[in-house]
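Student: Take a look and give me a structure for this.
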Amino acid sequence: MTRLSGITPSGRVQLGNYLGAIRRWAREGGDDDLYFVSDLHAMTNAYNPRRLRALTREMLAVLIGAGITPESVFVQSDLTRDLAALTWVLECTCTYGEAARMIQFKEKSAGARTVRLGLLTYPVLMAADILLQGVDEVPVGEDQAQHVELARSLARRFNSNHGEVFVVPRAVTPG
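Tutor: As a prediction, this is how the structure comes out:
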């Protein structure tokens, strides 16, 4: 059973990051579990490229320093070629309505004068993160469960058209 968990370097690492996820990952992670720094997800809002690179390196160091094995950790943007290709394929599988229904998109775009397209397509990128790794489970909080459901829908839709290509993952709530 392979699980995938990601953390976005949207700011400096805080005690809440450690207590909320990182400590549990280091303590309870299985040999097949994967963890990644989701630096591309941090680009849905205005960002400074130099700062984002620094925060990404810091987060990677914290994950490894906390005891997660280096073989289990990767930086999302290191997979850009494969991830971008799969994201495009999944965007061509997803409907506008599915993407626009995502709670985070609705909340973050409400009342905004301008909205980055990446905020709308972010859940498809998340689906690509999950499906590219072929994981069985994705531990998420309630705020991200809807995104895993989108990944499941896209995997099933793609599989029904092209054969059994993707594992259909399930969301699990960490205990």
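
Student: Give the next helix or strand downstream of the helix or strand bottoming out on mean pLDDT in the chain.
Tutor: Every helix and strand of the chain was ranked by mean pLDDT, DSSP states H and E. The lowest is helix 15-17, at a mean of 81. For helix 15-17, the following helix or strand on the C-terminal side (DSSP states H and E) is helix 23-28.

Student: Would you mark the buried spots in that following helix?
Tutor: For helix 23-28, the neighbour count (16 or more other Cβ atoms under 10 Å) marks 24, 25, 26 as buried. The C-beta positions use only the backbone N, C-alpha and C, and glycine is treated the same way.

Student: Please work out the average pLDDT along it.
Tutor: Average pLDDT, helix 23-28: 92.

Student: show me the contacts for the residue most central in space within the chain.
Tutor: By Cα atoms, centre = their mean, the mean C-alpha position of the chain lies nearest to residue 126, the distance being 4.2 Å. Contacts for residue 126 (Cβ atoms under 8 Å, 6 or more residues apart in numbering) come out as 41, 144, 147, 150, 151.

Student: Is the last one in contact with residue 169, as I believe?
Tutor: I take that to be residue 151. Yes - the criterion here is Cβ atoms under 8 Å, and residue 151 meets it with residue 169 at 6.2 Å.

Student: The two: which has the busier surroundings?
Tutor: Ranked by neighbour count (other Cβ atoms under 10 Å), residue 151 and residue 169 place residue 151 first, with 25 against 22.

Student: And the strands in this structure, which stretches?
Tutor: 4-7, 34-37, 73-75, 137-139, 170-172 (DSSP state E).

Student: now the lengthiest helix in the chain, how far from the centre of its chain.
Tutor: For the chain, the helix with the greatest residue count under DSSP state H is helix 142-162. Distance of helix 142-162 from the chain centroid (Cα atoms, centre = their mean, to the nearest Å) equals 13 Å.

Student: Show me what that helix is packed up against.
Tutor: Helix 142-162 is packed against helix 80-91, helix 96-100, helix 103-109, helix 117-133, strand 170-172, with contacts defined by 3 or more Cβ pairs under 8 Å, 6 or more residues apart in numbering; DSSP states H and E.
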